[in-house]
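Asker: no sequence on hand, only this structure:
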């Protein structure tokens, strides 16, 4: 497994996110960060006054993928983030020794595999074509519906209904 950290311009995020969702690599952590690279100390004008900008707003994406998917994901980030100007960002790739999904306890490659995506709409259709009602109010009810969609689901009657 590899961890891809990309520091990008905030306005380029929607294109990158859409591209990653198309290849089903939508599991990521996004953080707002500030920093600078070669564009440090840029002079900008705001309301007719010049001022020096030392730190620029950026987004940091963190994505853990299988080794075989690294090149594809990196190329999609580059395609979406590249403007050709200073400040486009950087991509860092590092090895991930292990990963554990807290909800199920799955470890290794299974922990980073995208499972079923749950959309909290009024009705959701699963792979078995069973329709699960998701009530509009109450977190507990959403948890009950979510548990029905889990691959390793257990008896949902154990959950309290409000």
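Answerer: Yep, it's here. All figures in this text were calculated on a predicted structure; none of them were measured in a lab.

Asker: ranges for the helices of this protein?
Answerer: Secondary structure of the chain by DSSP state H: the helices cover 13-22, 70-81, 109-112, 139-149.

Asker: which one, of those, ends up nearest to residue 5?
Answerer: Proximity to residue 5 (CB to CB) singles out helix 70-81 among these, at 10.2 Å. Where you see a C-beta, it was placed from the backbone N, CA and C, and this is true even at glycine.

Asker: per-residue confidence at residue 137?
Answerer: pLDDT for residue 137: 41.

Asker: how many neighbours does residue 39 have?
Answerer: Residue 39 has 12 neighbours, counted by other CB atoms under 10 Å.

Asker: can you pull the contacts of it?
Answerer: 56, 86, 87 (CB atoms under 8 Å, 6 or more residues apart in numbering).

Asker: nearest residue to the second one in space, please, no chain neighbours.
Answerer: Distance criterion CB to CB, 6 or more residues apart in numbering; nearest residue to residue 86, sequence neighbours excluded, is residue 39 at 4.2 Å.

Asker: where are the low-confidence patches of the protein?
Answerer: Within the chain, the stretches with pLDDT under 70 are 40-42, 114-162.

Asker: one step back: and the contacts of residue 39, which is closest to residue 9?
Answerer: Of these, the one sitting nearest to residue 9 (CB to CB) turns out to be residue 87, at 6.7 Å.

Asker: from residue 83, how far off is the nearest residue to that closest one once chain neighbours are set aside?
Answerer: Nearest residue to residue 87, sequence neighbours excluded (CB to CB, 6+ apart): residue 39, at 4.6 Å. As judged by CB to CB, to the nearest Å, residue 39 and residue 83 stand 12 Å apart.

Asker: wait, residue 59 sits on residue 32?
Answerer: Yes: counting by CB atoms under 8 Å, residue 32 is a contact partner of residue 59 at 6.3 Å.

Asker: tell me which of the two has more neighbours.
Answerer: Neighbours per residue (other CB under 10 Å) separate residue 59 from residue 32, with residue 59 holding more: 19 against 9.

Asker: please parse the chain into its domains.
Answerer: The record's domain parsing of the chain by automatic domain parsing lists 2-112, 123-158.

Asker: just the strands from this protein, written as ranges.
Answerer: Taking DSSP state E, the strands of the chain run over residues 2-8, 29-35, 42-46, 49-53, 56-65, 89-95, 123-125, 131-133.

Asker: can you redo those strands as a markdown table with distance to residue 107?
Answerer: As requested, the strands of the chain are exported to a markdown table (distance: least, CB to CB, whole Å):
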| stretch | distance to residue 107 |
| --- | --- |
| strand 2-8 | 16 |
| strand 29-35 | 19 |
| strand 42-46 | 45 |
| strand 49-53 | 44 |
| strand 56-65 | 13 |
| strand 89-95 | 16 |
| strand 123-125 | 28 |
| strand 131-133 | 28 |
